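Colleague: I would like the atomic coordinates for the input below:
(one chain, ligands or ions: 1)
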Amino acid sequence: MTRTFFVGGNWKMNGSVAAVSTLVDGLNTASLKQGVEVVIAPPALYIPAVQSSLKAGHVAAQNIYSESKGAFTGEISAEMLKDVGVQWVILGHSERRHVFGETDELIAKKAKHALGVGLKVIFCIGETLQEREANKTTEVVFHQLSAVAQVVSDWSNIVIAYEPVWAIGTGKVATPVQAQEVHHDIRVWLKDHVSPQAAENTRIVYGGSVNAGNCQEIGRQADVDGFLVGGASLKPEFADIINAAQ
Ligand SMILES: O=C(CO)COP(=O)(O)O
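Modeller: Numbers count the residues shown, from 1 in each chain. Model prediction:
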């Protein structure tokens, strides 16, 4: 099975009514390669606006809580996303892990809940610079993967985003070789710990300072099935990144 190239745009906590409209108009009028799965994750408040106007892709939430409803001030649930027609959610993003202290266990609980409700999950993993320098990259990402594998057996609605923490928002992109190495290791891990089918079919996308200049070469690597883009997804060059699909 060939894996459909996937390009996500994570807008993080950026945007305004005017900026959202400009960004969506830009994507709607850009000439985009066919056959690429494009998913945009705006701040939750702007999801309906993007959803009703974006032609070239789907919408994701940037987070959910692990419960369906109740006294969880400030949170939104997987059920609410389904209710308004959202299909995707990003979970385990490095900023959720490091700024908001989300643990592997909480992220796994959220993933299980989201998948159970019928959402698709962009599941982010990645090591810090300190961990990479201590040669702990695979140990860290395998641990992050294991937490989800313990509670989820069907990976068909998961896209794995390998986002090395040191490359996020820093301008320090992983080299194509570095990205390929970790993506390959993740695929082997899936084969050994989930199934050969999951290894073959699961998209593993790269995130961390992806831009129009570096996306071609990273996207050409055998185990890179797309990108999760932060800063550059807020610029016209996002269209070039979509068009870097192999
Ligand atoms: O965190 C990211 C996408 O989720 C990557 O962010 P940047 O592309 O801004 O480095």
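Colleague: isn't residue 205 up against residue 223?
Modeller: No - judged on C-beta atoms under 8 Å, residue 205 makes no contact with residue 223 at a distance of 10.2 Å. Backbone N, C-alpha and C define where each C-beta goes, glycine included.
Colleague: which one's more surrounded, those two?
Modeller: Per other C-beta atoms under 10 Å, whichever of residue 205 and residue 223 has more neighbours is residue 205, with 27 against 20.
Colleague: pLDDT wise, what is the more buried one at?
Modeller: Here, the pLDDT recorded for residue 205 equals 98.
Colleague: beta partners of it?
Modeller: Residue 205 has these beta-bridge partners by DSSP bridges: residue 161.
Colleague: quickly find the element holding residue 188.
Modeller: helix 176-193 (DSSP states H and E).
Colleague: for that helix, buried residues please.
Modeller: Using 16 or more other C-beta atoms under 10 Å as the burial criterion, the residues of helix 176-193 that qualify are 176, 178-183, 185-187, 189-190.
Colleague: let's verify the spatially most central residue of the chain: helix, strand, or coil?
Modeller: In the chain, the C-alpha nearest the mean C-alpha coordinate belongs to residue 122, at 4.1 Å (C-alpha atoms, centre = their mean). Three-state assignment for residue 122 (DSSP: H, G, I helix; E, B strand; the rest coil): strand.
Colleague: in contact with it, which residues?
Modeller: The contact partners of residue 122, by C-beta atoms under 8 Å, 6 or more residues apart in numbering, come to 8, 39, 41, 60, 88-91, 158-159, 161, 205, 228.
Colleague: quick check: which ranges of this structure have low pLDDT?
Modeller: Low-confidence segments of the chain (pLDDT under 70): 1.
Colleague: which bits of this structure sit near the ligand?
Modeller: Residues of the chain lying close to the ligand (C-beta under 6 Å from any ligand atom) are 10, 93, 163, 168-169, 207-210, 228-232.
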